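Asks: build me a model:
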Amino acid sequence: MPIRIVQLGSPRAPDEGLRIGTVRRPPRGVPKAEFASRNYYDQWYPELSPEPETMQMALQSHQLDKQGHNAEATKLWRAFDKVFRKQLAEAPAARTLELLAALSHQAHFSVGCYCDDEARCHRSILRDILQTHGAAIAN
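Replies: Model prediction:
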């Protein structure tokens with residue numbers, strides 16, 4: 001019963017279970033009653049999303065990458081990664097990650113974000129940290 005790491009809004013996999021949105025803000029223009037039916041999330045859990053200032057680093061990295069400034073984008077992404085990991089190492093996020101890792105062996109659920117490219121999304125960092133905590137992760 002591994003955790004699935006997903007893009008919110010994408011079609012659900014069979015037996016995906018509860019979808020947890022690890023995003024700072026709900027989807028724009030979507031009524032709250034439709035979050036689940038539109039495949040965004042069943043439960044919103046912003047505590048596992050980057051702080052707004054930290055998220056700006058990731059967004060700037062993405063923008064630099066799109067503009068062809070790959071070296072600058074990579075440097076900024078690494079800085080984002082370091083700061084976000086530090087945030088996740090603090091309570092209550094650290095306890096939540098330990099809980100999710102343990103639940104991954106007994107329950108069907110997924111965690112996700114809106115980003116198109118997981119490699120440049122905080123969910124890639126969540127994937128890595130959950131694996132470090134012993135979580136079962138779906139490919």
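Asks: tell me how far the residue nearest in space to the middle of the chain lies from Pro50.
Replies: A centroid search over the chain (CA atoms, centre = their mean) returns Arg123, at 3.0 Å, as the residue closest to the centre. Per CB to CB, to the nearest Å, Arg123 is found 11 Å from Pro50. The way it works is simple: take the backbone N, C-alpha and C, and place the C-beta from them, glycine included.
Asks: the bottom helix or strand of this structure by mean pLDDT?
Replies: helix 52-66 (a mean of 93; mean pLDDT, DSSP states H and E).
Asks: centre of the chain to it, how far?
Replies: Between the centre of helix 52-66 and the centre of its host chain there is 15 Å, according to CA atoms, centre = their mean, to the nearest Å.
Asks: what does that helix contact?
Replies: Identification of contacts with helix 52-66 by CB atoms under 8 Å, 6 or more residues apart in numbering yields 24, 49-50, 70, 72-74, 76-77, 79-80, 83-84, 87, 117, 120-122.
Asks: restricting to C-alpha, output it in CSV.
Replies: Coordinates of each C-alpha in helix 52-66 appear next as CSV, following Å, rounded to 0.1, in the frame of the first residue of the first chain:
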residue,chain,number,x,y,z
PRO,A,52,5.6,31.5,1.1
GLU,A,53,9.1,33.1,1.1
THR,A,54,10.7,29.7,0.5
MET,A,55,8.3,28.9,-2.3
GLN,A,56,9.4,32.1,-4.1
MET,A,57,12.8,30.6,-4.4
ALA,A,58,11.4,27.6,-6.2
LEU,A,59,9.3,29.8,-8.5
GLN,A,60,12.3,32.0,-9.3
SER,A,61,14.3,28.9,-10.1
HIS,A,62,11.6,27.6,-12.4
GLN,A,63,11.4,31.0,-14.2
LEU,A,64,15.2,31.2,-14.6
ASP,A,65,15.2,27.6,-16.0
LYS,A,66,12.5,28.6,-18.6
